[in-house]
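Undergrad: sharing a model prediction with you, sequence too.
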Number of protein chains: 2
Amino acid sequence: MMRTRPLKVALLGCGVVGSEVARIMTTHADDLAARIGAPVELAGVAVRRPDKVRGGVPAELITTDATALVKRGDIDVVVEVIGGIEPARTLITTAFEHGASVVSANKALLAQDGASLYAAAEQHGQDLYYEAAVAGAIPLIRPLRESLAGDKINRVMGIVNGTTNFILDKMDTSGAGYSEALDEATALGYAEADPTADVEAFDAAAKAAILAGIAFHTRVRLDDVYREGMTEVTAADFASAKEMGCTIKLLAICERAADGGSVTARVHPAMIPLSHPLASVREAYNAVFVEAEAAGQLMFYGPGAGGSPTASAVLGDVVAVCRNRLNEATGPGESAYTQLPVSSMGEVVTRYHISLDVADKPGVLAQVATVFAEHGVSIDTVRQQGKDGEASLVVVTHRAPDAALSGTVEALRKLDTVRGVASIMRVEGE
Amino acid sequence: MMRTRPLKVALLGCGVVGSEVARIMTTHADDLAARIGAPVELAGVAVRRPDKVRGGVPAELITTDATALVKRGDIDVVVEVIGGIEPARTLITTAFEHGASVVSANKALLAQDGASLYAAAEQHGQDLYYEAAVAGAIPLIRPLRESLAGDKINRVMGIVNGTTNFILDKMDTSGAGYSEALDEATALGYAEADPTADVEAFDAAAKAAILAGIAFHTRVRLDDVYREGMTEVTAADFASAKEMGCTIKLLAICERAADGGSVTARVHPAMIPLSHPLASVREAYNAVFVEAEAAGQLMFYGPGAGGSPTASAVLGDVVAVCRNRLNEATGPGESAYTQLPVSSMGEVVTRYHISLDVADKPGVLAQVATVFAEHGVSIDTVRQQGKDGEASLVVVTHRAPDAALSGTVEALRKLDTVRGVASIMRVEGE
Ligand SMILES: NC(=O)c1ccc[n+]([C@@H]2O[C@H](COP(=O)([O-])OP(=O)(O)OC[C@H]3O[C@@H](n4cnc5c(N)ncnc54)[C@H](OP(=O)(O)O)[C@@H]3O)[C@@H](O)[C@H]2O)c1
Ligand SMILES: NC(=O)c1ccc[n+]([C@@H]2O[C@H](COP(=O)([O-])OP(=O)(O)OC[C@H]3O[C@@H](n4cnc5c(N)ncnc54)[C@H](OP(=O)(O)O)[C@@H]3O)[C@@H](O)[C@H]2O)c1
């Protein structure tokens, strides 16, 4: 039985993602209506530049007054695909106040203000959905929040930024250096003119905060996420990784501590074994590995960005929110009941791959080994290579707290016989 | 705000899956309560053998009268993990009649009677959820039904049976024959004493019917699914696959026809390129590849069976159904509005890898090639190998309707110069 009064959607932003949302809403209107149980109509589209031609969007729907649009009072769902903190944040809370639910793709805003937005949604009895904010088209938020709602998630580890995966994949397959690979990514449209948010891992850190909060049912703020970009990864690091049967990926890792009493979230480049499913994630694809107590190891893979993949995720949320409205209900809200503290990077247990330039004389290895021992870090393998009076020492450690590992590196730097630390890389996924 | 009256769950079956559902409900009661917003309690457990010791399940909850349990009237959710058609079917409909929603892991029943069960659920205003019925712990039904509800799915292709994947993986990696690999699977507990449902692909066919129905929003009955088991796959087939840079997997494939006017569902062994993500799915793992118009290519990977992974999926559904009840709402019901017809296997477009034993004399290849041409099948590659008066001819075709391909094979068998058809295998995933 189909309701005839249509549900009204206001679209805030009509750029890469928004234009695809508008297109699919128009071309697939009948399917959406059948799946929702009522027709759904585009009631208005807010943009910055009203005169830009927007194929497929009727000119009379376009407005530059986003605030008036969300205040109309007859809007059922506001889709926020403007991005950034303001005016997106104010528009979303205004939407709630005026009786609309919100679907957003805005990871930056959700990582920073997720808790207060959820509170506003709940106060006004509205939904806040944001599947598209993490890993684009890949269903991930919903599986974590709903499919795994009866399980205990212990670890989420993923490639959640397509730009940096594209760059690292190029470096791996072609032997290119970072800047050469970045140039290629820019030329092909995979990297923006200013790639900072991607390569310095601000984007991935926002996603890590969102994922950790959902996975562990606690609040994880952006500031809680340890962040290291991938601009310092070199061709030499890839060569070292190859020797270990590994490749290098920029990973977002959210973990529950072994004792269960705290969680951590971090983003940094790491070596992972070629046999790990994440190692074979190519180009700009994303993939997220989830370990849960009962379910075991799951992986979700797909396009992490792009207009139409992201629009797919947005529209899945629009359908869900519309169904909720017809049911006069709301979906699950924020779940932060565990209130687990977030530990700092120093407490994360990981492994280091350390490459040292050392003097080629007897006793150096003993000196170096002593430093590791003094920091309680045990060594897995050492490889020593001489090259004309100089030598290089490659040490791979066993698992130890990051603080002990970084303390070891600091102490190594102070040794006379250590000429330099050529590279340090964490090793994950074993 | 937590409601204090608990939601009541009746468990039908306490075997491999049911015992894990009971265990997790007990050990993780607090988490479940927090996520649902109300405590949830095990109100009764129906089994066949009342005297069997069931660790962790209080004896007073055990009953052999499943019917009385589902008729109690105070049950919120009935979890059906008995399996098979009867009494599961009658118990489920009785549960609906008595005001309970149902969570089931029963693919055989859902593939056969999904439509009538959905109708019964709707008639009584109850939910029917069954994430665990396909691919165990892997969130798949919910992503297809909800996350991709705003998209158009064109293809679902997956490894949905762990037993057969284990056997094929063994054959691939160790060069073992089918029966040797089956013995190993049985010894390790991956295959049941009677492996028919798995190796003859009845289990995978049931899952294909369920997936096709959900993906294409239409009804697909078990009889609509073309089914070929994997008992005839030989070590020689794997050798041929390797020469082509492929491996062999038992695939469930649900496709929308190119013109969009019909769908197909089938299960059979097929060669897939080693570069395809499904090729690297090892042991008893499952993985499902989904192609959607806007989202692109997605993959979902994880344990496809086992007590605790399956219980994880069951409990995710229990949480969802409980939340719906607290909202006095139901989740999405059957979606079969497209009413697309299901075409037969003959209309499926695929490729064949055909290995022929032929007489080693001039003109044979011309004869064989003529047969392909007469059936409108164009040849991609031919490889001819002589061995003492006999020769073998390996032909890989381009894409053609299965009817034309199988017609070609029939005609080849009738040629005097063709001594035998050594193997036929479809090629997918390109
Ligand atoms: N692009 C992706 O692949 C992707 C993937 C996942 C998530 N996301 C997220 O999706 C959101 C949108 O991304 P996008 O790539 O679509 O961005 P975009 O192409 O830059 O589009 C932004 C849109 O917002 C409009 N806009 C900007 N300021 C506005 C204002 N003050 N009032 C009204 N409209 C305003 C712009 O108007 P004009 O058209 O007039 O300039 C434009 O239409 C972001 O949160 C992003 O993080 C994007
Ligand atoms: N096992 C898996 O890995 C897996 C994965 C996905 C889906 N599933 C599905 O989950 C369901 C259950 O599978 P399972 O492996 O847990 O089966 P199982 O180990 O054979 O357990 C079946 C349970 O049902 C009980 N039972 C049988 N007939 C009954 C009746 N007439 N009345 C009441 N109880 C009855 C049995 O009682 P007793 O204990 O007294 O014998 C037993 O506890 C099936 O639909 C299966 O397809 C299983």
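TA: Nice, I can see it. Bear in mind that the values here come from a model prediction, so they are computed numbers and not experimental data. Ligands and ions are numbered 1, 2, ... in the order given.
Undergrad: tell me the confidence at residue A:391?
TA: As predicted, residue A:391 sits at a pLDDT of 89.
Undergrad: now it, what's its secondary structure?
TA: Classification of residue A:391 by DSSP: H, G, I helix; E, B strand; the rest coil places it in strand.
Undergrad: residue of the stretch 301-430 of chain A nearest ligand 1, please.
TA: Residue nearest to ligand 1 within the stretch 301-430 of chain A (Cβ to the nearest ligand atom): residue A:305, separated by 3.3 Å. Where you see a C-beta, it was placed from the backbone N, CA and C, and this is true even at glycine.
Undergrad: what does the stretch 51-200 of chain A give?
TA: Closest point on the stretch 51-200 of chain A to ligand 1, by Cβ to the nearest ligand atom, is residue A:83, at 2.9 Å.
Undergrad: which one's the longest helix in chain A?
TA: Across chain A, the helix with the greatest residue count (assigned by DSSP state H) is helix A:307-326.
Undergrad: CA atoms of it as CSV?
TA: The C-alpha coordinates for helix A:307-326 follow below in CSV (Å, rounded to 0.1, in the frame of the first residue of the first chain):
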residue,chain,number,x,y,z
GLY,A,307,30.1,10.9,-6.6
SER,A,308,28.0,8.0,-7.5
PRO,A,309,29.3,5.5,-4.9
THR,A,310,28.9,8.0,-2.2
ALA,A,311,25.4,8.9,-3.4
SER,A,312,24.5,5.2,-3.2
ALA,A,313,25.3,5.3,0.5
VAL,A,314,23.5,8.5,1.0
LEU,A,315,20.4,7.2,-0.7
GLY,A,316,20.4,3.9,1.3
ASP,A,317,20.2,6.2,4.4
VAL,A,318,17.5,8.3,2.8
VAL,A,319,15.4,5.2,2.3
ALA,A,320,16.0,4.0,5.9
VAL,A,321,15.1,7.4,7.3
CYS,A,322,12.0,7.6,5.1
ARG,A,323,10.9,4.2,6.3
ASN,A,324,11.4,5.2,9.9
ARG,A,325,9.2,8.3,9.3
LEU,A,326,6.4,6.2,7.9
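Undergrad: give me the phi and psi angles of the one residue in the stretch 1-150 of chain A that gets nearest to ligand 1.
TA: Relative to ligand 1, the nearest point of the stretch 1-150 of chain A is residue A:15 (1.9 Å; Cβ to the nearest ligand atom). Here is the backbone geometry of residue A:15 (degrees, to the nearest 10): phi -100, psi -140.
Undergrad: neighbours of the closest residue to it other than its chain neighbours, how many?
TA: Of all residues not flanking residue A:15 in the chain, residue A:81 sits nearest, at 7.0 Å (Cβ to Cβ, 6 or more residues apart in numbering or on different chains). Look at residue A:81: counted by other Cβ atoms under 10 Å in any protein chain shown, it has 26 neighbours.
Undergrad: repeat that for residue A:119.
TA: With other Cβ under 10 Å as criterion, residue A:119 counts 16.
Undergrad: what's near enough to touch it?
TA: Residue A:119 is in contact with residue A:334, counting by Cβ atoms under 8 Å, 6 or more residues apart in numbering or on different chains.
Undergrad: can I take it that it is in a strand?
TA: No: assigned with three-state DSSP, residue A:119 falls outside any strand and is helix.
Undergrad: still on that earlier bit, was I right to think the residue nearest to residue A:15 contacts residue A:21?
TA: Yes: using Cβ atoms under 8 Å, residue A:81 makes contact with residue A:21 at a distance of 6.6 Å.
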